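Student: Turn this into a model:
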Amino acid sequence: MEQARARDAAVRQPHASPRVPLQGGPRSAAPDPGGERPRGDAPVPVRRHSVRNQVLDALRTALVDGDLVPGRVYSAPALGERYGVSATPVREAMQQLAVEGAVEVVPNRGFRVCVRTARELAELAEVRALIEVPVMLRLARTVPAERWAALRPLAEETARAAATGDRAAYAESDRAFHHAVLALAGNRQLLAVADDLHRRSQWPMTRTPAARPGPLPDRAVLVADAAEHAALLEALIAQDLPVVQSLVREHFAGAES
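Tutor: Prediction:
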């Protein structure tokens, strides 16, 4: 108990980064199927004022990167040891991920990472398109070109993240771009629903999106997706409604984001 409190106290320090990479995390020492304690890793320090939120960010990164394997069960104590915290903030973070549909509770064992089928991903893409396409078409008619141009740095950030092949960084920048576009509608409920759907469609990321034929490398897929952001902005600036509609639908159907 004293060791757990000491670890929690050590992590309650502010950190400038909005996301903590999982250095030495599940990728380098994947837990055994069924639960279990990671092998051979030193604890990964988690440093932010809210331990629970920092653990949540770290777990979201692991989900996007595929470090937490779909179908596998992970125990809160083992993950707590991984991040150098007690099991409590891990359980709280996992409960939030269960609400978001990323994991499911396995009584007396831990949390199983949900498996996304091709059908589920297609359904998520369809719902996103049903919500966002009409909104973007309306915004294309009403938002001045300079407001769209102001979003170019966000599109450029997705391109930079894609070029590195960093899936977690790309996921964050992709959400930021879509959030900024939809925020122009001034509808907070829309943003909440769209953000939830976006997260659900991001994990676990598939290696080869079904809508893109051929075994494209991960980085090439991300780069192609990021290029669609820039193209969408140009179509919005030009108020080219058919192109806007086509790009948004293709982006949802063919991207991992």
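
Student: Would you map the strands across the chain?
Tutor: 73-74, 103-106, 110-113 (DSSP state E).

Student: Please work out which residues outside stretch 142-155 touch it.
Tutor: Here stretch 142-155 makes contact (Cβ atoms under 8 Å, 6 or more residues apart in numbering) with 173, 176-177, 180-181, 184, 226, 229-230, 232-233, 236-237. The way it works is simple: take the backbone N, C-alpha and C, and place the C-beta from them, glycine included.

Student: Quick one: end-to-end distance for stretch 93-108.
Tutor: One end of stretch 93-108 sits 17 Å from the other (Cα to Cα, to the nearest Å).

Student: Give me the buried stretch members for the longest helix along the chain, please.
Tutor: Across the chain, the helix with the greatest residue count (assigned by DSSP state H) is helix 118-142. Under the neighbour-count criterion of 16 or more other Cβ atoms under 10 Å, helix 118-142 has 121, 124-125, 127-129, 132-133, 135-137, 139-140 buried.

Student: Also stretch 105-122?
Tutor: 110-114, 116, 121.

Student: Mind splitting this protein into its structural domains?
Tutor: Domain assignment for the chain by automatic domain parsing gives 2-113, 118-254.

Student: Ranked by average pLDDT, which of those domains falls at the bottom?
Tutor: Sorting the domains of the chain by mean pLDDT places domain 2-113 lowest, at a mean of 70.

Student: and the closest residue to residue 171 other than its chain neighbours, how far is that from residue 140?
Tutor: Distances taken as Cβ to Cβ, 6 or more residues apart in numbering place residue 64 nearest to residue 171, at 4.6 Å, with adjacent residues excluded. Note on residue 64: its distance to residue 140, by Cβ to Cβ, to the nearest Å, is 30 Å.

Student: Burial check on residue 196, number of neighbours?
Tutor: Counted with other Cβ atoms under 10 Å, the neighbours of residue 196 add up to 13.

Student: how far away is it from residue 220?
Tutor: 28 Å.

Student: For the stretch 151-257 of the chain, which segments are assigned as helices?
Tutor: Per DSSP state H, counting those that start in this stretch, the stretch 151-257 of the chain carries helices over the ranges 152-164, 167-183, 188-202, 218-237, 241-254.

Student: What are the contacting residues of the last one?
Tutor: This means helix 241-254. The contact list for helix 241-254 (Cβ under 8 Å, 6+ apart) reads 122, 125-126, 128-129, 132-133, 136-137, 140-141, 209, 211-212, 225, 228-229, 231-232, 235-236, 257.

Student: and if we set it to 7 Å?
Tutor: 125, 128-129, 132-133, 136-137, 140, 209, 211-212, 225, 228, 231-232, 235-236 (Cβ atoms under 7 Å, 6 or more residues apart in numbering).

Student: next one: it to chain centre, how far?
Tutor: Averaging C-alpha positions (Cα atoms, centre = their mean, to the nearest Å) puts helix 241-254 21 Å from its chain's average.
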